[in-house]
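Undergrad: mind folding the following:
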Amino acid sequence: MFEKVNPAHPDKVADRIAGALVDLAYALEESPKIAVEVLLGHGNCHIIAETSVRLPRNQVTAAVSRIAGELAVDYAEVPQDVHLAENQNESVHCGDNGIFKGMPVTEEQKKLTALARQIYDAYKSDGKYILDGNRLIICQSNADSVFLRRYYADAEVNPLGDWTGGSDVDSGATNRKLGSDMGDSVTGGGLHGKDLSKADVSVNIYAWLKAQETGKPVELCCAIGDDCINGVPYDEITAIAKEYIRGVGGFEKFAEWGLIR
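TA: Sure thing, here's the model as predicted:
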């Protein structure tokens, strides 16, 4: 059983905005420390960024406009806690406590993700999809339901009827669709809106990649300040995560589909 949402779902729009601001921080500073939370809906977008690098407000609002349309942006920017900042002064250390379980992606998860991307190519609007054995549920806003029922004859298409979707119907918040992003993998934190020093980003990616490589669950935990996790130097883990993020096109692109792409 698996649910996938597309990049136009309000929660994913919030993740994408948070990712875009992390991309901006990295464009301005080589190793920024940043954590972004986004809440949007009904014409408004509220953002709090704890960051070591000042983000130009016009570029923040431009990112929101590009991703989510013309919303009223309430942006609050505060510095990272001084004690936490000192943790990273000399070298890269784990930026938080955390537990992480990477799981191999199942055939069901691959199948539904491919279907979600296929539908999103045709309809760039809010959508969510469930596959449970032979039961396929397609909820796609602003779509021709008759056409979808014809094309996906065995699916339950928009069971309640046509719907509008988007942030004028539903609010969105960062890291609220981790099941869609991670499948059976487990985390104590969230993937999106954070720099690579944060274990929620780097260790999640590392554990997930190792699970795909080995075909077996990978369980890890860390304490804030750790410079090694399960025998692997933390700077090596962050380097692997950095390469993965670079490979998918940056933090904003990573937020579109999460780890299960």
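Undergrad: buried residues in stretch 230-239?
TA: Neighbour-count burial for stretch 230-239 flags 234-235, 237-238 (criterion: 16 or more other CB atoms under 10 Å). Where you see a C-beta, it was placed from the backbone N, CA and C, and this is true even at glycine.
Undergrad: just the endpoints, please. Distance across that stretch?
TA: By CA to CA, to the nearest Å, the extent of stretch 230-239 from end to end equals 16 Å.
Undergrad: now swap in stretch 148-157 and tell me
TA: 7 Å.
Undergrad: could you give the mean pLDDT of it?
TA: For stretch 148-157, mean pLDDT is 94.
Undergrad: also stretch 164-180?
TA: Mean pLDDT, computed over stretch 164-180, is 94.
Undergrad: which parts of the protein are helices?
TA: Using DSSP state H, the helices found in the chain span residues 10-28, 57-68, 82-86, 107-122, 145-151, 178-182, 199-214, 234-248, 251-257.
Undergrad: pLDDT score for Asn87?
TA: pLDDT for Asn87: 65.
Undergrad: quick one: stretch 241-253 to chain centroid distance?
TA: In this view, stretch 241-253 has its centroid 11 Å away from the chain centroid, taken as CA atoms, centre = their mean, to the nearest Å.
Undergrad: any idea of the mean pLDDT for it?
TA: Mean pLDDT, computed over stretch 241-253, is 98.
Undergrad: buried residues in that stretch?
TA: For stretch 241-253, a neighbour-count test (16+ other CB under 10 Å) marks 241-242, 244-245, 248, 250-253 as buried.
Undergrad: can I get these in CSV with distance to Arg149?
TA: Formatted as CSV, the buried residues of stretch 241-253 follow (distance: CB to CB, whole Å):
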residue, distance to Arg149
Ala241, 41
Lys242, 44
Tyr244, 38
Ile245, 38
Val248, 33
Gly250, 37
Phe251, 37
Glu252, 33
Lys253, 32
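Undergrad: lowest-confidence stretch among the helices of the chain?
TA: The weakest mean pLDDT among these belongs to helix 82-86, with a mean of 72.
Undergrad: which ones are touching the closest residue to Leu148 other than its chain neighbours?
TA: Leaving aside its chain neighbours, Leu148 sits nearest to Val157 (4.6 Å; criterion: CB to CB, 6 or more residues apart in numbering). Going by CB atoms under 8 Å, 6 or more residues apart in numbering, Val157 touches 138, 140, 145, 148-149.
Undergrad: for ChimeraX, what selects the buried ones among those?
TA: A single ChimeraX command selects the buried members of those (16+ other CB under 10 Å):
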select :138,140,148
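Undergrad: pick out the most distant pair among the contacts of Val157.
TA: Gln140 and Arg149 (11.0 Å; CB to CB).
Undergrad: and the gap between the spatially most central residue of the chain and Leu115?
TA: Central residue of the chain (CA atoms, centre = their mean): Ala255, 3.5 Å from the mean position. Distance, Ala255 to Leu115, using CB to CB, to the nearest Å: 20 Å.
Undergrad: ditto for Gly190
TA: The gap separating Gly190 from Leu115 is 25 Å, by CB to CB.
Undergrad: and Ala25, by the same measure?
TA: Per CB to CB, Ala25 is found 34 Å from Leu115.
Undergrad: same thing with Tyr152?
TA: Counting by CB to CB, the gap between Tyr152 and Leu115 amounts to 8 Å.
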